[in-house]
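Q: Build me a structure from this.
(chains A and B)
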Number of protein chains: 2
Amino acid sequence: MSIPSSDADDSVSAGELSARYDKFVVDLLGSIAYGKLSAFERLSSDARYSPTLRDRAVVGKMAVAEFGHFEIVCARLEVMGMDPELAMLPFQRIVEAFHERTRPADWHESLMKAYVVDAITEDFYAAICAHLDADTSEVVAQVRTSEQQRALLEERLQTMLGEDPRLSSRLALWGRRLVGEALAQTQRIGAQHSFLVGLSPDGTQEEAAAEISAILTSLTRSHSRRMSQLGLTA
Amino acid sequence: MSIPSSDADDSVSAGELSARYDKFVVDLLGSIAYGKLSAFERLSSDARYSPTLRDRAVVGKMAVAEFGHFEIVCARLEVMGMDPELAMLPFQRIVEAFHERTRPADWHESLMKAYVVDAITEDFYAAICAHLDADTSEVVAQVRTSEQQRALLEERLQTMLGEDPRLSSRLALWGRRLVGEALAQTQRIGAQHSFLVGLSPDGTQEEAAAEISAILTSLTRSHSRRMSQLGLTA
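A: Numbering: from 1, shown residues only, chains lettered A, B, ... in the order given. All right, here's what the predicted structure looks like:
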């Protein structure tokens, strides 16, 4: 999709802007829905490798929460008159490719992946919420990971790192790889779909790119802060 | 564990009978809990191979229901003052071994496995409910698969078989393998743990064996009826 240059801005009708925004919302919700469905499947498969049955139950519970979120987003797409399956399809390949590139080697990496990717995703949602209408914004807020769950993951990771200090360098490396892949993924989706346009429907391409760049910088900064809190070098 | 012969029956105190029954209930709930957790993980992993996103969501929903059941059984064990993890541990290896022996080759086999194993398990629960106290019986009833879910699976299987008649012989074979493994599994758990004793705490070993045999016969009969309904040779 080509974006009109600023010279042509006057010729963009209100109807066109609104259509662009609608497309953006459907893409956003479609990508969130597929991300949630995929997270559900990956987490619950990973759960099997948990060292204890208690850990399996904890990871299972996280997976179930992701499925609940998936259902909320699908319900919203249906209210909008959209087929959730059609909305999700464009994101299937890109999300699966991400998981293939970031396949955890063991339980520790699996927990770390859940923590890192989830936190970056949450930050991304928070950053774009300002650009959303009230209804969409509410749905996005509803599918955010609970504080409780994030605290649980953080605590588990801290215990793990405390028990086996040799894990630190491996997980620091893994964290860097995850954040690199996650940011590349965000950029890819932004470039291929209508996110850029949606973020700034009446702005120029430069303005949209600046906005995305500011978001990515802020995601990186928050990630580094979280890694420091775990005692890892980001 | 050795079971007293009928000659020794008089020497079995009421306290001993009650202890045997308690052990039976903990084993029963432990095996159900682990079975549910494992079903949750297997189903949600299998979901990924569903042909459409709609099917993935359907299988995902079944998996989530299994996890809810797992939580109900764990809560009951906790109310009884038992550690769910300890109650589940004795069944971990045997349940996983069952899944390894019955690993579906594709989506069709996966759906068939969900249907067959679930139905046999349900029948088994129903058969032993008569031997349970009211509280345990209520928990077992709560974790039964909903009629709605079973109907959905049945409908999906029927459509599948209708669309591709060559599937019939493969799935009939698969169904026979599944039922064989499931019955062997039931017998194994019955022999290694306290199910036999629990089913007939004040009876002889012969009475308990007759009871288990009657249950297995009835499970086989119901399985054959279900296969016929799908147009498959049991």
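Q: which residues in chain A form helices?
A: All helices of chain A, identified by DSSP state H, fall at A:14-47, A:53-79, A:84-101, A:107-129, A:134-142, A:147-163, A:167-192, A:195-199, A:205-229.
Q: Which one of those helices lies nearest to B:S213?
A: Proximity to B:S213 (CB to CB) singles out helix A:53-79 among these, at 32.3 Å. For glycine as for every other residue, the C-beta is placed from the backbone atoms N, C-alpha and C.
Q: Any idea how far the closest one is from the middle of the chain?
A: 14 Å (CA atoms, centre = their mean, to the nearest Å).
Q: what's the angle between it and helix A:134-142?
A: In terms of direction (axes from the mean of the first three to the mean of the last three CA atoms, to 10 degrees), helix A:53-79 departs from helix A:134-142 by 170 degrees.
Q: What residues of helix A:53-79 count as buried?
A: By neighbour count on 16 or more other CB atoms under 10 Å in any protein chain shown, the buried set for helix A:53-79 is A:53, A:55-67, A:69-74, A:76-77.
Q: OK, contacts around A:D135?
A: Residues near A:D135 by CB atoms under 8 Å, 6 or more residues apart in numbering or on different chains: A:R76.
Q: any idea how far it lies from A:Q142?
A: To A:Q142, A:D135 is 11 Å away according to CB to CB, to the nearest Å.
Q: Check A:R56 too.
A: With CB to CB as the criterion, A:R56 and A:Q142 are 27 Å apart.
Q: where does chain A dip in pLDDT?
A: By pLDDT under 70, the low-scoring segments of chain A are A:1-11, A:192-203, A:234.
Q: repeat that for 80
A: A:1-12, A:17, A:20, A:130, A:189-209, A:211-212, A:233-234 (pLDDT under 80).
Q: From the centroid of it, which residue is nearest?
A: A:T121 (2.8 Å; CA atoms, centre = their mean).
Q: Neighbours of A:T233, how many?
A: By other CB atoms under 10 Å in any protein chain shown, 12 other residues sit near A:T233.
Q: can you pull the contacts of it?
A: A:A172, A:M227.
Q: and stretch A:52-67 with chain B, contact?
A: Yes - using CB under 8 Å from any CB of the partner chain, stretch A:52-67 reaches chain B at A:T52, A:L53, A:R54, A:R56, A:A57, A:G60, A:K61, A:A63, A:V64, A:F67.
Q: okay, now the residue in chain A positioned nearest to chain B: neighbour count?
A: Distances between chain A and chain B by CB to the nearest CB are smallest at A:S44, namely 3.7 Å. Close neighbours of A:S44, defined as other CB under 10 Å, add up to 29.
Q: ok, now which ones touch it?
A: Residues near A:S44 by CB under 8 Å, 6+ apart: A:V59, A:G60, A:A63, A:V64, B:F40, B:E41, B:S44, B:S45, B:A63.
Q: Then A:S137?
A: With CB under 8 Å, 6+ apart, A:S137 has these contacts: A:C129.
Q: I'd like the distance between it and A:R76.
A: A:S137 sits 11 Å away from A:R76, going by CB to CB.
Q: what does A:E96 give?
A: For A:E96 relative to A:R76 (CB to CB), the value is 23 Å.
Q: repeat for A:D123
A: When distance is defined by CB to CB, A:D123 is 21 Å away from A:R76.
Q: A:L152 too?
A: A:L152 is 27 Å from A:R76, by CB to CB.
Q: still on that earlier bit, biggest separation within the contacts of A:S44, which pair?
A: A:V64 and B:S45, at 14.3 Å, using CB to CB across the contacts of A:S44.
Q: For chain A, what lies in contact range of chain B?
A: A:34, A:37, A:40-41, A:44-45, A:47-48, A:52-54, A:56-57, A:60-61, A:63-64, A:67-68, A:70, A:74, A:84-85, A:88-89, A:92.
Q: rerun at 6 Å
A: Taking CB under 6 Å from any CB of the partner chain, the part of chain A that reaches chain B is made up of A:E41, A:S44, A:S45, A:A47, A:R48, A:L53, A:R54, A:G60, A:V64, A:F67, A:E85, A:M88.
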